[in-house]
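J.: the sequence and its predicted three-dimensional model are supplied below.
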Amino acid sequence: MKASTLFLLVSLLSNCQSNNNNAFIPNQDLIDSNLLLEFTATLNQNHVLLEWKSAFQQRKEGGFEVQKSIDKVTWKKSKWIKVYEPSIKTNGYTAIDKSLTLGWNHYRILQKDETDKIIAQSDIQSIEYLDKPKLEITQIQNTKTVLIKGVSNIESVIISDADAQVVGVFDVVDNKLDLAILKAGSYYVFIADLTPVILIFED
């Protein structure tokens, strides 16, 4: 094999990278930085909000393939979002993933034209999902005692008022809180590292 032919073959191979689905996607180094997608992923309790902007604001055909992985090796198509109609001025897009896997969830966006050719790709956004329990607090009718649901083995909680001023630390007995010293009003209940719960306490 001639040296020139070998050099051409190596150059062609280096210009592409293969994903686990045996489909070639453009090497990041070959895509103009102005064409890359602006992409973020945010965890909101039990779902992930994905937000991105189009690499080609004036494109009227094609769409975006949202891909998901748990190991950054095997990628699966999660959603397909068509590009907006020309009458829509914004170039921002969103998608929601409610099928979270315990541990790490990785996401990336491929923008494709009407022939299914990849014309831009995002970087990878990673979200760790720990499946925290959902905390519920309800006041027992005609009492100043509240019942804690969704967690167990809790010995105490921190309660603050609506202005985020700490009222005190309260002992938990059999998943119940005696709040006889509190006046009627709105409070925040903090337990471990769980999301605070708003408690509207009535006389």
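T.: Structure's in. What do you need?
J.: which strand or helix spans the residue positioned nearest the centre of the chain?
T.: Taking CA atoms, centre = their mean, the centroid of the chain lies closest to Val48, which sits 2.5 Å from it. Assigned by DSSP states H and E, Val48 belongs to strand 47-53.
J.: buried sites along that strand?
T.: Val48, Leu50, Trp52 (16 or more other CB atoms under 10 Å). Where you see a C-beta, it was placed from the backbone N, CA and C, and this is true even at glycine.
J.: then stretch 147-154?
T.: Buried residues in stretch 147-154 (16+ other CB under 10 Å): Ile148, Val151.
J.: gap between the two ends of it?
T.: One end of stretch 147-154 to the other measures 12 Å (CA to CA, to the nearest Å).
J.: pull the residues that contact that stretch.
T.: 133-140, 157, 172, 175-177, 191-192, 194 (CB atoms under 8 Å, 6 or more residues apart in numbering).
J.: least confident pick among the residues you listed?
T.: On pLDDT alone, Pro133 ranks lowest of those, at 67.
J.: what's the helix or strand hosting Ala41 in contact with?
T.: Using DSSP H and E, Ala41 sits in strand 38-44. Identification of contacts with strand 38-44 by CB under 8 Å, 6+ apart yields 48-53, 107-109, 122-123, 125-129.
J.: now with 6 Å, please.
T.: Residues outside strand 38-44 that contact it (CB atoms under 6 Å, 6 or more residues apart in numbering) are Val48, Leu49, Leu50, Glu51, Trp52, Lys53, Tyr107, Ile109, Ser122, Gln125, Ile127.
J.: between that strand and strand 47-53, how big is the angle?
T.: 160 degrees (axes from the mean of the first three to the mean of the last three CA atoms, to 10 degrees).
J.: centre of the chain to strand 38-44, how far?
T.: Remark: strand 38-44 is offset 5 Å from the chain centroid, using CA atoms, centre = their mean, to the nearest Å.
J.: kindly report the same for stretch 116-123.
T.: Worked out by CA atoms, centre = their mean, stretch 116-123 lies 21 Å from the chain centre.
J.: which strand of this structure spans the most residues?
T.: strand 103-112 (DSSP state E).
J.: pull the CA atoms of the helix or strand just after it into CSV?
T.: Sequence-wise, the next helix or strand downstream of strand 103-112 (DSSP H and E) is strand 118-121. Written as CSV, here are the backbone C-alpha positions of strand 118-121 (Å, rounded to 0.1, in the frame of the first residue of the first chain):
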residue,chain,number,x,y,z
ILE,A,118,-26.2,14.8,12.0
ILE,A,119,-25.3,18.5,11.6
ALA,A,120,-24.5,19.4,15.3
GLN,A,121,-24.2,17.7,18.7
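J.: I'm done for today, thanks for sticking with me.
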